[in-house]
Each structure stands twice: as C-alpha cells, then as structure tokens.
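Chemist: Show me the folded form of this:
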Amino acid sequence: MKEKSNIFNRDKPLTVMITGGSSGIGFQAVLKLISLGHNIILPCKNISRANEVLTNLFNHSLDESSNKGEIYTPIMDLSDLSSIDSLCSEVKNRRWTIDVLILNAGLQYTGSKTPRRSTQGIELTFAVNHLSHFYLTQKILPFIDIRNDPKIIITSSEVHNPNSGGGKVGAKASLGKLKGLESGAGFEMIDGNKFNADKAYKDSKLCNILFARKLSDNFMKKKLSIPVIAWAPGLVISRDNQGFFRYSRKYNQLGQILFAFLARDILKITTSNKKAGLLLSNLACLSKYKKPGFNYYSNKIISSSKFIFEETETSNDAQRGDLSDNLWELSKSLIDKINK
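Modeler: Numbers count the residues shown, from 1 in each chain. Sure, this is the predicted structure:
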C-alpha cells in the first residue's frame, strides 16, 4: 500500500487490535484511530467493562463524522490464559484480519507487600504485562495481514533502564539469571528473589523490550519485514481516579496523591493521557514508523512541561541477545506446562 511520507493512511482503513484500550493512553489512542476511520478490536475484561467502554466512546465522539471506524469489544481477561484462547477462537470464527497489534495493557500495584496471582497462579504483574502479551502474540500472528504493512507495538517504560530518572528510584530492573521464571509458576520475582512490587513492574517493562527484540529477530529470520516497536510514553498521571496508577492507590493513597501533585503540578514532568495517546496512534498510522526490525522510542522530558519523542537506546540488559533468547524460551516453556 502506497503512502505519502509522514501522513495518516486514509486509502484503506486499518484494523487495529489493542489491549488496555478501555482507559488512559489506550482509550485516547482508540478515540483518535476511530476518528481517522480505522477499525478497532478492543478486548475488554468482561461484559460490564465492554458496555462502559462503548458508552464512554459514544460520549467522547459526539460529532457525526461519516468516516468513523467501527469498534468491536470482545471479552478477554489478560490475567487468564484460557481467556486469550477464547478471544483467538472468536477472531478466527469472525475471520478478522489484523493490520496493527498494540500490546498496551499494563498494571502495577506498588506498595503491596505480597504478590497477587493470575488464574494460572503466576505473579500478576509478570502475567499481565509480559506473559499474556507473549501468548496473545503467538496466537494472533496467523491473523495478521502481512500484505497490508502490519506493525506490532508494545508499550514499555523508561523505568526498564536503571540509568533513567524513574529507573534509578528504588529497586532497579534486573532479571538476574531468570531463576524465578525457571522454577515454574509459583515464583515471586523473575530473578528468584523475594517479592518487590515496584521492581516487578520495572522487570516486566524490561521483559517487554526483550520480547520485542526477539520477536523482531524471528521475523527477520523468516524474511518478514514487520516493524516491532517498543515505546515509552513518559510519566502519565491523570486527574481522575482511573488511569495507570489506580491499582497502586489502593496500597498508598496518600503517597500517590502527594507524588502526583509534586510531579504533575509542581515539577510538571508528566504528560497527559491525550498527548501520550496521540503518540500511540501516530506509531500505528504514520509512515515514519514503518522501518522494519526493532525500534524503541521514548517520550523524554527535556524541561518543565516539554517533551521530545525520539528513537532512543535501551538499557544494556535490554540489548542482551542471550537474555532475550532465555526469556523467550522460559516463557514458552511455562505456558506449555500450564497448557498440558
């Protein structure tokens, strides 16, 4: 498909599947993509959430533009691998083909002293942020339309990098020798150590980039020129009680309020869901992001309230081929054991 440089493709609507599209950055990206005429597959955790999302989309899309895309809200719970199987069966039965896969969902519950568990008994941060997206991608690949310049986009974070501003605070991202993951479903931390909710989130964001690199390598070996993009949206703190930090507030509400006030209103080092959502929709649609192979982009703070979005180096660990290989194989092995 031909496209002029750096403009939205309007020749043919894209079909975009996005996780984490019911709120925050993902929701804002969905609004933009629909307004441009693209069709969205937005899996939701349950019927109630799906109905809420559709109502919110209607309330935010009051103009009667004739070129709006369509929205589908099948049910999928990323904390349950069997739910991913059900979604993929529905994709097959409906004969959907997907042009852009956006793996955007993520959670953290910083402040908790004990790990939460997925349906399969896996620590929830790792389960939702990495393992379920790893599994979903394998299951969805047969439905990706390789004739229509497909892309896979993964939302990571600069906290994967111990040398970044957020990565320096508290325990730093490190997967060690993957001893926890190697031990099976009951591990608390990927590196085999005791549970630390903040580090679990940072580790999962490192996993996102390692997964993206390995996926891209696999495509290149098969001579498939599919871009795999990992990106960091910057620090996003919404003013409502939803958004990314809604889980962490349960464990440290006062701390979260103070942190939000300092970062967003005093230092002004945060960006908005709307601005970050626009970056995500740009990644999905703009021709400048069609470069084959692995690419990492970060929304960097350069001064108060000013950001620059550019291609960026990942951390040293995120560049390790041996680590990406081992993470891939151990993730696959864990899923295989669960599915036996």
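Chemist: And the strand or helix carrying I40, how far out from the chain middle?
Modeler: In the assignment (DSSP states H and E), I40 maps to strand 39-41. Put simply, strand 39-41 sits 16 Å off its chain's centre (C-alpha atoms, centre = their mean, to the nearest Å).
Chemist: and that strand, average pLDDT?
Modeler: Averaging pLDDT along strand 39-41 gives 97.
Chemist: again, but for stretch 162-175
Modeler: The model assigns stretch 162-175 a mean pLDDT of 91.
Chemist: try stretch 200-211
Modeler: 98.
Chemist: Repeat that for stretch 68-82.
Modeler: 96.
Chemist: For it, list every residue counted as buried.
Modeler: Neighbour-count burial for stretch 68-82 flags K68, G69, I71, Y72, T73, P74, M76, D77, L78, S79, D80, L81 (criterion: 16 or more other C-beta atoms under 10 Å). Where C-beta positions appear, they are placed from N, C-alpha and C, glycine not excepted.
Chemist: Confirm for me that S157 is in contact with G166.
Modeler: Yes. With contact defined as C-beta atoms under 8 Å, S157 counts as touching G166 (7.3 Å).
Chemist: So between these two, which is more surrounded?
Modeler: S157 (28 against 17; other C-beta atoms under 10 Å).
Chemist: Now the more buried one. Its backbone dihedrals?
Modeler: Note on S157: its backbone torsions stand at phi -170, psi 150 [degrees, to the nearest 10].
Chemist: what do you get for C44?
Modeler: Dihedral angles for C44 - degrees, to the nearest 10 - are phi -120, psi 150.
Chemist: in the longest strand seen in the chain, what counts as buried?
Modeler: Ranked by number of residues, the top strand in the chain under DSSP state E is strand 294-303. For strand 294-303, burial by neighbour count (16+ other C-beta under 10 Å) applies to F294, N295, Y296, Y297, S298, N299, K300, I301.
Chemist: from those, which single one is nearest R117?
Modeler: Y296 (30.4 Å; C-beta to C-beta).
Chemist: you'd agree S183 is up against G192?
Modeler: Yes. Between S183 and G192 there is a contact at 6.8 Å, judged by C-beta under 8 Å.
Chemist: Between those two, which is the more surrounded one?
Modeler: Shown here are S183 and G192; by other C-beta under 10 Å, G192 has more neighbours (16 against 13).
Chemist: host element of that one?
Modeler: Here G192 is assigned to no helix or strand, by DSSP H and E.
Chemist: Count the neighbours of the closest residue to it other than its chain neighbours for me.
Modeler: The shortest distance from G192 to any non-neighbouring residue, by C-beta to C-beta, 6 or more residues apart in numbering, is to K179 (3.3 Å). Applying other C-beta under 10 Å, we find 14 residues neighbouring K179.
Chemist: Distance check, K179 against I229.
Modeler: Distance, K179 to I229, by C-beta to C-beta, to the nearest Å: 30 Å.
Chemist: Read off the pLDDT value for the residue nearest to G192.
Modeler: For K179, the predicted pLDDT is 98.
Chemist: which stretches of the stretch 201-340 of the chain form helices?
Modeler: In the stretch 201-340 of the chain, the helices defined using DSSP state H, counting those that start in this stretch lie at 253-260, 273-285, 321-338.
Chemist: Sort out which residues of stretch 139-155 are buried, please.
Modeler: K139, I140, L141, F143, I144, D149, P150, K151, I152, I153, I154, T155.
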